[in-house]
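K.L.:
I'd like to go over a predicted model; first the sequence, then the structure.
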Amino acid sequence: MRRAFKILSITVASLLVVFLFAVSIAIWVVFTPGKLTPIVRNQAEKILSCQSQIGEVELTFFSTFPQFGLKVSDFALINPTPGAQSDTLVAAKQLLAVVDINAWRKDQKIQVNKLNVVGGVANVFVDSLGNANYNIYSTSPGTPGDVGNTESPIIVIDGISIENTNITYTDHAEKLYADILNFNADISGSLEKSIVHSDVKIHYSIISFAYANEQYLQSSPVQIRMLSDFAIVKQQLLIDNLEGLVNNADLQLSGSIAYNSNNGDTSFGLSYKLHTSPLSKVLELVPPSLQLYYEDIEADGMVASSGSVVGTYNQNEMPLVEMGIKIENGTLGYAGVPLKLHNVSGNVIFKSDLLTDASTSLKINSFVATTPQSRISTKGMVTKLFSDIHLDLQTNVNLSLEEFMPFIPDSMKLKMKGNASGQVASVFTMSQVEELEFDIMQLQGNVLLTKIDAIYDSISLTTDHTSIDFSMPNSSPQSANTGFALARISSREIKSNMPDSFNVMLQNASVNVEFSDISDTTRIPDAICSFKIDSLSTSIDTMAMAMSKPIGRMMVSPGVDDAGVFNIDLLLSSDKMLGQMGQNFTNIAKMKVDTHILYDSGQEDIFQQWQPEGFLNLQDGYIAIDGYSYPFNIPSIKLDFTPETFNIEESSFILDKSDFQLSGTLKNVLSYFKGDSILRGNFDFTSGTTDLTQLMNLTSGIGYEEE
């Protein structure tokens, strides 16, 4: 059995070798290149209206077994066209085609099993009137309507292989331009009932692409695998799936693109996914018309994105673009700003029709970045990107203030060191920032200040630990002029001073402040300050004061016409107060004061600069007055006062050996210090012990120089 099978195998093999040898001789003798090439050239001249160049044509059998093929070398079509990039339409060093004859004979189906193009060149050109250099047939192969005929032949292509081919495409009518260098691709598909089904694999190729005067790719490396259907009559491309690398960006795409030849509209229904890719490479794919929005921004890192393009493109409309973007390990800088952000991560959603503010927004789901000494995170919404950018943000910060000093305008005369951390809700526009229009911005939040050392103009402030809740504008101001901002301050210690003017120190303080616009440096701002403090000390010029547990409220308002004039309204109670005015000293155990003070910087004398009026109630006081030999001990006192008058409702004094209760009125106080009048008094007093000699000596000669 085995011997019989061996004999049969040898016999069949021998017959097959004889048959192939016979066929080969027939092909070589009957269809030699020398005989076949003239036939193909003659047929090309009859079919084509342009010049053709055909080097050599031969049939193949062994290399395409079991089917016959046709191989053409040094092929070219020459069709000079005004304005075209070259006279050569197509050219190739070698073409190899294999057609299944039985498929046509049995099923009227054109089946190309192989089409190989090596070393090719293609230069496609369409002028502004729609005249194309590829219209090269002597007789029309059919009208566009014919392709939709259900009786048109079925075309199946199992494999088109294109190697090392350069392609240029210029279509002035559609404003479409492309250049492909070193194009390598494998294509398979079919045409049935005017639907082209295709499977396209583009291997590493260099592509430039522009549409409607917009450059989308510029010498970008491209690798793509695309499964798609193209409806010829509808001029609609359905992308089942597209995956590839475009400029090293890993991209996935699906959806539809349709062109309406009646009105020129292009409809998009695309969704895409960009896998994590280098941000710098992705930004190179952004059209130049959009690059202007970030032309001063330096950005890098890894980015991923998904989204859609839906709508109509024409001269008046743009499709709606929705992009979800995630950034990791990024860096971000702005031209002219020395401080750059590092470790940037973010998740944002961008929506826009690329035309109008109404359809454009940037939703920031999260954004986190660091500097060498600071950390920032934010979320919110950005709108009006095509006009005055509007921002509505919620931000968490941990900032080294010295790092951000370059952002503060020099005109504010502000310097800061220290750390600020907290949360801020903000609503503002870029024009408001540029114009420093703080009065119409909206800011609300809380900040913890640590180790702060700040100078505003000539006013300095230091604090080791201070918490601030703030709101701008002030939604419920206590006066018509303090709606600019509100701040609630809680601090372990605050120190502030102005050289040659004042010093203030607060310990364990709780302070609420509301005020008018502080950016106007030509006037004292309106301000209201309510406070509860464990310890307060202050000095102004030659006056100094220290208080224990002061509680009160102070209002400051500028003069109407004179910048050097302002008003102070003060309501204050304190457990203990120490005071000094020149060589005059005060020590009071309990005090309550309600006063209005007019300050006039144009006056030289301190009693004329500071003009108070109001009410004073104190207990257990001690007053030492320069020029008087004995101090006043004051168990209690209640009095009303103006710059000119002291009205004592109730008082008790101990002066050395004397004790008495005094009531009455002291007049001409300010006039006396001006030198315009003498002091006048009308008092009633009672006393258990009175040293008349001592009292006469104290008051003798008041207002007179002679004895």
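P.N.:
Done, it's in. Numbers count the residues shown, from 1 in each chain.
K.L.:
How many residues are close by Leu217?
P.N.:
20 (other C-beta atoms under 10 Å). Every residue, glycine included, has its C-beta placed from N, CA and C.
K.L.:
Okay, now the sheet partners of the one helix or strand it maps to, with direction.
P.N.:
Using DSSP states H and E, Leu217 sits in strand 214-231. Applying DSSP bridges to the sheet, strand 214-231 is found paired with strand 195-211 (antiparallel), strand 236-246 (antiparallel).
K.L.:
got JSON lines for the ones you listed, with mean neighbour count and mean pLDDT too?
P.N.:
Formatted as JSON lines, the strands paired with strand 214-231 follow (neighbours: other C-beta atoms under 10 Å; pLDDT from 0 to 100):
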{"stretch": "strand 195-211", "mean neighbour count": "17", "mean pLDDT": "89"}
{"stretch": "strand 236-246", "mean neighbour count": "17", "mean pLDDT": "92"}
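K.L.:
mind checking which of those strands is nearest Ser374?
P.N.:
Nearest to Ser374, of all the strands paired with strand 214-231, is strand 236-246, at 36.3 Å by C-beta to C-beta.
K.L.:
Parallel or antiparallel, which strands does the helix or strand that the closest one is followed by pair with?
P.N.:
Using DSSP H and E, the helix or strand that follows strand 236-246 in sequence is strand 249-259. Here strand 249-259 is paired, per DSSP bridges, with strand 236-246 (antiparallel), strand 266-278 (antiparallel).
K.L.:
Which other helices and strands does the next helix or strand after the last one contact?
P.N.:
Beyond strand 266-278 on the C-terminal side, the first helix or strand identified by DSSP H and E is helix 279-283. Using 3 or more C-beta pairs under 8 Å, 6 or more residues apart in numbering; DSSP states H and E as the contact criterion, the secondary-structure elements in contact with helix 279-283 are strand 297-313.
K.L.:
Partner strands of the very next helix or strand once past the strand it packs on and their direction?
P.N.:
Toward the C-terminus, strand 297-313 is succeeded by strand 320-334 as the next helix or strand (DSSP H and E). Take DSSP bridges as the rule and strand 320-334 pairs in its sheet with strand 297-313 (antiparallel), strand 341-352 (antiparallel).
K.L.:
Any chance of those in TSV with mean pLDDT and mean neighbour count as columns?
P.N.:
Output for the strands paired with strand 320-334, formatted as TSV (pLDDT from 0 to 100; neighbours: other C-beta atoms under 10 Å):
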stretch	mean pLDDT	mean neighbour count
strand 297-313	91	17
strand 341-352	93	18
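K.L.:
Those: which one's closest to Lys667?
P.N.:
Across the strands paired with strand 320-334, Lys667 has its closest neighbour in strand 341-352 (68.6 Å, C-beta to C-beta).
K.L.:
so what strands line up beside the next helix or strand after that closest one?
P.N.:
Note on strand 341-352: by DSSP H and E, the next helix or strand toward the C-terminus is strand 361-370. Next to strand 361-370 in the sheet, as set by DSSP bridges, lie strand 341-352 (antiparallel), strand 375-383 (antiparallel).
K.L.:
Which elements pack onto whatever helix or strand comes next after the shortest one?
P.N.:
Under the assignment DSSP H and E, the closest C-terminal helix or strand after strand 375-383 is strand 390-400. With contacts defined as 3+ C-beta pairs under 8 Å, 6+ apart, strand 390-400 has these neighbours: strand 375-383, strand 414-429.
K.L.:
what's the angle from the shortest one to strand 414-429?
P.N.:
If I follow you right, that is strand 375-383. 30 degrees (axes from the mean of the first three to the mean of the last three C-alpha atoms, to 10 degrees).
K.L.:
Stretch 575-586: end-to-end distance?
P.N.:
14 Å (C-alpha to C-alpha, to the nearest Å).
K.L.:
Listing request: residues of the stretch 601-707 of the chain with sub-threshold pLDDT.
P.N.:
For the stretch 601-707 of the chain, applying pLDDT under 70 flags the ranges 698-707.
K.L.:
quick one: the strands in it?
P.N.:
610-624, 632-641, 646-655, 658-667, 680-689 (DSSP state E, counting those that start in this stretch).
K.L.:
The spatially most central residue of the chain bridge partners, please.
P.N.:
The residue lying closest to the centre of the chain (C-alpha atoms, centre = their mean) is Val382, at 7.9 Å. Note on Val382: beta-bridge partners Leu362, Leu391, judged by DSSP bridges.
K.L.:
Distance of it relative to Tyr334?
P.N.:
From Val382 over to Tyr334 the distance is 16 Å, taken as C-beta to C-beta, to the nearest Å.
K.L.:
And for Leu290?
P.N.:
As judged by C-beta to C-beta, Leu290 and Tyr334 stand 18 Å apart.
K.L.:
now the residue lying closest to Thr521 once chain neighbours are set aside: how far from Ser501?
P.N.:
Using C-beta to C-beta, 6 or more residues apart in numbering and skipping residues adjacent in sequence, the residue nearest Thr521 is Asp457, 6.7 Å away. Asp457 sits 11 Å away from Ser501, going by C-beta to C-beta.
K.L.:
Tell me the spacing between Met554 and Met545.
P.N.:
Separation of Met554 from Met545 (C-beta to C-beta): 13 Å.
K.L.:
swap that for Asp179, sorry
P.N.:
According to C-beta to C-beta, Asp179 and Met545 sit 82 Å apart.
K.L.:
Equivalent analysis for Asn343, please.
P.N.:
Separation of Asn343 from Met545 (C-beta to C-beta): 50 Å.
K.L.:
And Thr168, by the same measure?
P.N.:
87 Å.
K.L.:
How about Gly418?
P.N.:
Distance, Gly418 to Met545, using C-beta to C-beta: 28 Å.
K.L.:
Distance to Asp676 for the strands paired with strand 249-259 - can I get that in CSV?
P.N.:
Formatted as CSV, the strands paired with strand 249-259 follow (distance: least, C-beta to C-beta, whole Å):
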stretch, distance to Asp676
strand 236-246, 91
strand 266-278, 84
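K.L.:
Let me know which of those is the nearest to Lys413.
P.N.:
Of these, nearest to Lys413 by C-beta to C-beta is strand 266-278, at 43.6 Å.
K.L.:
rewinding a little: contact partners of the strand holding Leu217?
P.N.:
181, 194-210, 236-248, 284-285, 287-289 (C-beta atoms under 8 Å, 6 or more residues apart in numbering).
K.L.:
how does it look with 6 Å?
P.N.:
195-202, 204-209, 237-247, 287-289 (C-beta atoms under 6 Å, 6 or more residues apart in numbering).
K.L.:
what's near enough to touch Ala91?
P.N.:
Ala91 makes contact with Ala76, Val121 under the criterion C-beta under 6 Å, 6+ apart.
K.L.:
Could you report the distance from it to Gly55?
P.N.:
Going from Ala91 to Gly55 by C-beta to C-beta gives 11 Å.
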